[in-house]
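K.L.:
Sharing a sequence plus its predicted fold:
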Amino acid sequence: MLRSDFFSSDDAHPVAIGAACDALFGEEWLAWEQRTVRDELRMSGFETTERTAQKLAAYRCARTTIGPWADWEIFENVGHAFTDGVPNFELRQPLDVAECAITMDCLRLCRIVTFAEDVKKYIAACAATDEFLYLPEPLTFAMQYLCPPMYMCHEHGGREIDDLVDGRCDLCVGRYEDGDVRDAPLPELAERGARIQRYSLYDYAQLATRYEALAVADLDTVQVEFTEEGMQLGKLLDVNSRRKRARAQYDLQMREVNEHVRNA
Ligand SMILES: [Zn+2]
């Protein structure tokens, strides 16, 4: 039996209560109206709250559309619903980094879909707003936008974002000079632009290594020094502990769902 507050508790995990609905009603509930979901749960002896209703709506969105993977605004709204904020569709409210991480975890539990570059850019923008320098898993894939690889071209003396396919400076080979459709060097310039030096906007290797070591040791609170790196580590460990708390809620609640299925 599921606890009577399984669908109304504040720590209800969105994917666990979604899976519970799958178990209670079969997949057809995914197509029901929100009001019907509430009424059917009530007839089964469960109340929902505004928060848990939003979590169920976000779960259904992730199960039935690719919106959260394709569109950053949907990712943001689903993220607020998954992480306890009630989404406000009139207002932009950026997610914090822990909310982005927990949202990613929830989405992965629903389905595996490839994220659009726009969602990666959105996550990088959230991280920049909160002044993060490094993004651990499951957000590392947004690092290319938080800390873009750069190159210095010794031929024209400029610094550009490194998205070169052939290792030649886009400006010096005139890649985009006759419109942006050709995406190839001008033939007469094809030999130019090779004197480039790649670098990273800043170096986060040491921060990443120190964080990963602390995360593996499963430490939530460590005495971090009052340096920029220490502050960064503190923020990263906080993200890690919020993510772990959500994961623990999921594991616990899924045990209840599976037990319910076995006894049904
Ligand atoms: Zn150049």
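P.N.:
Here it is on my side, so go on.
K.L.:
Which parts of this protein are helices?
P.N.:
14-25, 34-43, 50-64, 67-70, 72-82, 97-110, 117-129, 143-146, 205-216, 228-263 (DSSP state H).
K.L.:
could I get the ones you listed as JSON lines with distance to Phe7?
P.N.:
In this view, the C-beta of every residue, glycine as well, is placed from N, C-alpha and C. Putting these into JSON lines (distance: least, C-beta to C-beta, whole Å) gives the following:
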{"stretch": "helix 14-25", "distance to Phe7": "6"}
{"stretch": "helix 34-43", "distance to Phe7": "6"}
{"stretch": "helix 50-64", "distance to Phe7": "5"}
{"stretch": "helix 67-70", "distance to Phe7": "22"}
{"stretch": "helix 72-82", "distance to Phe7": "14"}
{"stretch": "helix 97-110", "distance to Phe7": "17"}
{"stretch": "helix 117-129", "distance to Phe7": "29"}
{"stretch": "helix 143-146", "distance to Phe7": "37"}
{"stretch": "helix 205-216", "distance to Phe7": "32"}
{"stretch": "helix 228-263", "distance to Phe7": "11"}
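K.L.:
Ok, which of these comes nearest the ion?
P.N.:
Closest approach to the ion among these (C-beta to the ion): helix 143-146, 21.2 Å.
K.L.:
which secondary structure elements does that closest one contact?
P.N.:
Helices and strands touching helix 143-146, as assessed by 3 or more C-beta pairs under 8 Å, 6 or more residues apart in numbering; DSSP states H and E, comprise helix 117-129.
K.L.:
Do I have it right that Cys172 meets Gly193?
P.N.:
Yes - Cys172 lies in contact with Gly193 (C-beta atoms under 8 Å); the separation is 3.2 Å.
K.L.:
can you put the helices of the chain in TSV and add mean neighbour count and mean pLDDT?
P.N.:
Converted to TSV, the helices of the chain look like this (neighbours: other C-beta atoms under 10 Å; pLDDT from 0 to 100):
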stretch	mean neighbour count	mean pLDDT
helix 14-25	22	97
helix 34-43	14	96
helix 50-64	20	96
helix 67-70	19	98
helix 72-82	23	95
helix 97-110	23	97
helix 117-129	19	97
helix 143-146	20	94
helix 205-216	14	91
helix 228-263	16	94
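K.L.:
Select, out of these, the one closest to Tyr176.
P.N.:
helix 117-129 (18.8 Å; C-beta to C-beta).
K.L.:
which residues are contacting that closest one?
P.N.:
Under the criterion C-beta atoms under 8 Å, 6 or more residues apart in numbering, residues 68-72, 75-76, 94-97, 100, 135, 139, 141-146 lie in contact with helix 117-129.
K.L.:
And for stretch 97-106?
P.N.:
In contact with stretch 97-106 (C-beta under 8 Å, 6+ apart) are residues 14-15, 58-59, 62, 68, 75, 78-80, 82-83, 85, 95, 123, 126-127, 130, 132, 135, 138-139, 235, 238-239, 242-243, 246-247.
K.L.:
So Pro68 sits against Arg60, correct?
P.N.:
No - Pro68 lies out of contact with Arg60 (C-beta under 8 Å); the separation is 11.3 Å.
K.L.:
domain assignment for this protein?
P.N.:
14-137+233-263, 148-200 (automatic domain parsing).
K.L.:
out of those, nearest to Tyr211?
P.N.:
That would be, of the domains of the chain and by C-beta to C-beta, domain 14-137+233-263, which comes in at 4.8 Å.
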